[in-house]
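A.B. asks: Sequence and predicted model, in that order:
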Amino acid sequence: MQLRSYLAAAVILVTLLGRAGAAETSAAEPATGWQEKAVVQIEAEIVADGAAVTSIPEALSREWRSFDREGSGARVLLDIGWILIAALVALAAERATARGLSKGLRRKMRETGEPGLLGLVGMLAGDLAGLAVFIALYTVAKRHVLVHTSISPGLDGLAMDVLIRWRVIALVFRTVLRPHTSVARLIEIADDEARRLSIFLSAGVFLVSVLIGFARYGFADEDSGAAHVIGLMIAILVCLCYAIMLVRSRAAFESLIRGRYAEGVIGAVRHSVARAWLPLALLMLVGLFLTFVAGLSLGLLSYYRAVSSTLGVLFVVLVLERLTERAWLPAGPTSSRTLDFGEMRARTIQHVVISVGLVVAALLLTRIWSDAIEITHESARTAMTSVSAAVWTLFGAYILWQLVRLAIDRQLLGTGGIGLPGQADDDEEITPATRLQTILPLMRAAFAVMIGVIAVLTVLSGLGVNTAPLIAGAGVFGLAVSFGSQSLVRDVISGLFYMWDDAFRVGEYIDTGRLKGTVENLGVRSVRLRHQNGPLHTIPYGQLGAVTNLSRDFATIKFNLRFDPRTDVETVRKTTKQIGLAMQDDNPELAAEIMQPLKLQGIAEVVDNALVLRFKFTSRPVKPSWVQREYLKRMYKDFAEKNIRFASGAVFLQQVPPIDSGAPQPTTQPTSPSTGDSTGAAVATAATAALGVAAAMEIAELAEPANTNA
C-alpha cells in the first residue's frame, strides 16, 4: 500500500506538470520549430565556445581579481584566509555544541546497546543546534570582522553559499554514518570505515560546493563564450568528483538502499536496486551532465537544477526512512519471531512518519518543477492545488488503512500460525481461532481493496477525470470474468458459504475425505491444511465437499489395552476410576481439559493370550492426545502397584504326564537326577528351537522343581 501511494503521487505529479508544460509549449510554437531552433542554437553555441577558448585565462584572471574590492589578485588569498579562519572557528563551535548536547545520550546508548527514538532524535537535534551555532557565528564574524577586510560582495556570497551547503550535506552524511557512535549508525559498516568515509565525503562535498559556487557566483553576470566553456569544465570536474564519491561509498549506499527489514514487493525492489545501484548511479550522472550541457546551451538550466533537487529530496526521504526504521524497529521481525502489539504499533507510527515525509516531498517537488518548466502563475497554482488535493487524499487513505490493519493485527495476535518443528513444546497444540479471528484476514484484504479503490476514484475525480466509464467498465469486466471463470466463481461463493456456516476455523483439524490436516490459512479462493507429518495442502473451496471437523466442542477418545488373561476386570475398573478422579484433583491443567474422566467401558475382545479392555474419556478438543498420554503414564504406574499385569507375547507350554487306565499310578515317581536333567534340558532345547529364548527361559523355570525333588 505504501508503494501504491508513492507511485500514485508520482504519476499525478508527472501528469499534471506534463499537461501544463505541453500547454505552454503548444501555445508558444510547434514542436518541430522548437527542435529546429534548438539545433541551430546549439550549433551557434559550439562555434562561439570554440572561438572563446583562447579568452579563458583572461576571464579567469578577471573573475579572480573581482573577489577583492580593490581588484588585487594577491589579496584574494588573504581574503580567503580570513574566511577560512572564521569558518574554522564556527566549525569548532558547531562540533563542541553537538557533542556537548548529545554526550549523555551517547553514553546511555553505549550502555543499553540500542539507540532508541529519544537517542536518535536527540543526536539529530544536537547536530541541528550545532549547525545553527555555525551559521550564527559565521554571520557575526561576517558582519563585524570580515566587513573590515577587502572581501568583495561576490566572494562574500560565494563563501556563505559554499559553507552552508557544505555543513547541511555533511550533517546528512553524519546522521547516516555516525563515525563516533556505532550504536546509532544507520548502516552496517565498521567504525574505521565510517570515520574514513565521513571525512572523505565531507571533503568531497566541500570541493563540489566550491566549484559549483564559483561557477554560479563568478560568472552569473556574464554571457560570453568563455563563461560557457568554464561552466562546462567545472561541470566535468563536478561529475568526476561525484563519480569518485559514488565508487568510494558504494557499500554504504548499497546498505542504505537495501534497508534492514524491507519485505514484500518493496523489499524485492529495494534489494534489486541495491545490487545494481552503482551502474544506475553512474548512468544517472551522465544524464545529469548531458542535461546541464543542454541547459547551458539552450538557457534551460532550471531543468538541471530541478533534476538535481529531485535527487536530493529522494535521498533525504531515504535517510528519513532509515532513521525511523532504526528508531522504531530496533530488533525487527525474523522467520522465527513475530511482532508483538507494541512493535506493531511502532511499525505503524514509522509508516505514518514516512508517509508524512512523502507528502512533504511530493509537495516540494511540485513546487520545484512548477518553477522549472516556467509555466504561468495561474497554471502553477492550479497544478499545486490539484497535486495537494490528490496527495492529501492518498495520505488520508493510507492513514486509515494503517489504523485498520493495526486493529485487525491486534486481534490476530497468537493465532493463524503453524509453528515450525522445535519452536514449541511437543505437548503444546494450537488453540483454534475464534470465528471473528478466522474471517479477519479476509476482512483485512477487503478493507485494503475498498480503501484503495475509493481513494483512486476520488483522486481521479478531483483531477477532472470522468470516473463513470471506469466504474461501468469494471462492472462489465467483472461480468465477463464471472462467465469465463466459473470454477473461480464457484470457489469464491463456496468459501463464503463455508464462512457463513462456520464450518471450520484457523487452527482446527478437519478431514475432507481425501485430505486432512490443521487449517493454517483461509484465502479468498482456497484453504490451506497442514498435515501432521508436515505437508501443506491447498484445496479450492469448490472441491472440499463434506468436511468433518475434529476440533469442535468436545472429543471422546477410546483406546484399548491388552492385559494378562487372569486379570480381575473388577479390580481394573475400580483402579481406572480412582485414576480418573485423582488426576483431576492433582493436576489443575489436566482437569481444565477433561469433560468426563477416564473410565473402563468393559471387555472389548478375548484373544489367545490376552484380555483386551476398552477405556474412554471425553475432553476439550484442543489437545486430547496430551490428555491421553498423561492418563497412560498414570495407568502404567498405578497398575503395577495393584499387581495388574499387561499381556506379554510369551507362549506357555505345559507337560501333562500320560495316564494309564490300568493300575493306579503313584502320586510321586522318583527319578534320577540325570533323567530329570535330561528331560528338562530336552524340553528347554525344543522350546528354544521353536519359540525363542524368552519362552525357553520360562519353561526352564517350570522344570526346576523336578530337579529339586530329586
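C.D. replies: Structure received. This is a predicted model, so every value here is computed, not measured. Residues are numbered from 1 along each chain as shown.
A.B. asks: which one is Phe315 nearest to, not counting chain neighbours?
C.D. replies: Taking CB to CB, 6 or more residues apart in numbering, and ignoring the residues beside it in sequence, Phe315 has Val172 as its nearest neighbour in space, at 7.6 Å. (Glycine included, C-beta is placed from N, CA and C.)
A.B. asks: Could you do Ala306 as well?
C.D. replies: Of all residues beyond its chain neighbours, the one nearest Ala306 is Ala372 (3.6 Å), with distances taken as CB to CB, 6+ apart.
A.B. asks: Also Leu536?
C.D. replies: Nearest-residue entry for Leu536: Arg530, 5.5 Å, with adjacent residues in sequence omitted and distances by CB to CB, 6+ apart.
A.B. asks: swap in Arg275?
C.D. replies: Beyond its immediate neighbours in the sequence, the residue positioned closest to Arg275 (CB to CB, 6+ apart) is Glu254, lying 7.6 Å away.
A.B. asks: is it true that that neighbour lies in a helix?
C.D. replies: Yes - with DSSP: H, G, I helix; E, B strand; the rest coil as the criterion, Glu254 is assigned to a helix.
A.B. asks: Enumerate every residue touching it.
C.D. replies: Contact analysis of Glu254 by CB atoms under 8 Å, 6 or more residues apart in numbering lists 274-275, 277-278.
A.B. asks: neighbours around the residue nearest to Phe315, how many?
C.D. replies: Number of residues near Val172 (other CB atoms under 10 Å) recorded here: 17.
A.B. asks: Give me the domain ranges for the protein.
C.D. replies: Domain assignment of the chain by automatic domain parsing yields the ranges 412-549, 555-641, 673-709.
A.B. asks: residue ranges with poor pLDDT in the stretch 301-450 of the chain?
C.D. replies: Confidence mapping of the stretch 301-450 of the chain against pLDDT under 70 gives the ranges 329-339, 414-433, 435.
A.B. asks: so what does the strand or helix carrying Gly213 touch, helix or strand wise?
C.D. replies: Secondary-structure element containing Gly213, defined by DSSP states H and E: helix 191-218. Contacts defined by 3 or more CB pairs under 8 Å, 6 or more residues apart in numbering; DSSP states H and E place helix 191-218 against helix 153-177, helix 225-248.
A.B. asks: in the shortest one, what's buried?
C.D. replies: Of all the residues in helix 225-248, those buried under the rule 16 or more other CB atoms under 10 Å are 225-232, 234-235, 238-239, 241-242, 245-246.
A.B. asks: who's in contact with the residue nearest to Ala306?
C.D. replies: The contact partners of Ala372, by CB under 8 Å, 6+ apart, come to 302-303, 305-306.
A.B. asks: on that earlier part again, mean confidence (pLDDT) on the helix holding Gly213, please.
C.D. replies: When the per-residue pLDDT values of helix 191-218 are averaged, the result is 87.
A.B. asks: quick one: the longest helix along the chain to helix 153-177, angle?
C.D. replies: The helix spanning the most residues in the chain, taking DSSP state H as the definition, is helix 73-112. When axes from the mean of the first three to the mean of the last three CA atoms, to 10 degrees is applied, the directions of helix 73-112 and helix 153-177 differ by 20 degrees.
A.B. asks: buried residues in helix 73-112?
C.D. replies: Applying 16+ other CB under 10 Å to helix 73-112 flags 75-76, 79, 82-83, 86-87, 90-91, 93-94, 97-98, 101-102, 105-106, 108-109 as buried.
A.B. asks: if we can go back for a sec, from memory the residue nearest to Leu536 sits against Gly517, does it?
C.D. replies: Yes - the pair Arg530 / Gly517 is scored as a contact, 5.0 Å apart, by CB atoms under 8 Å.
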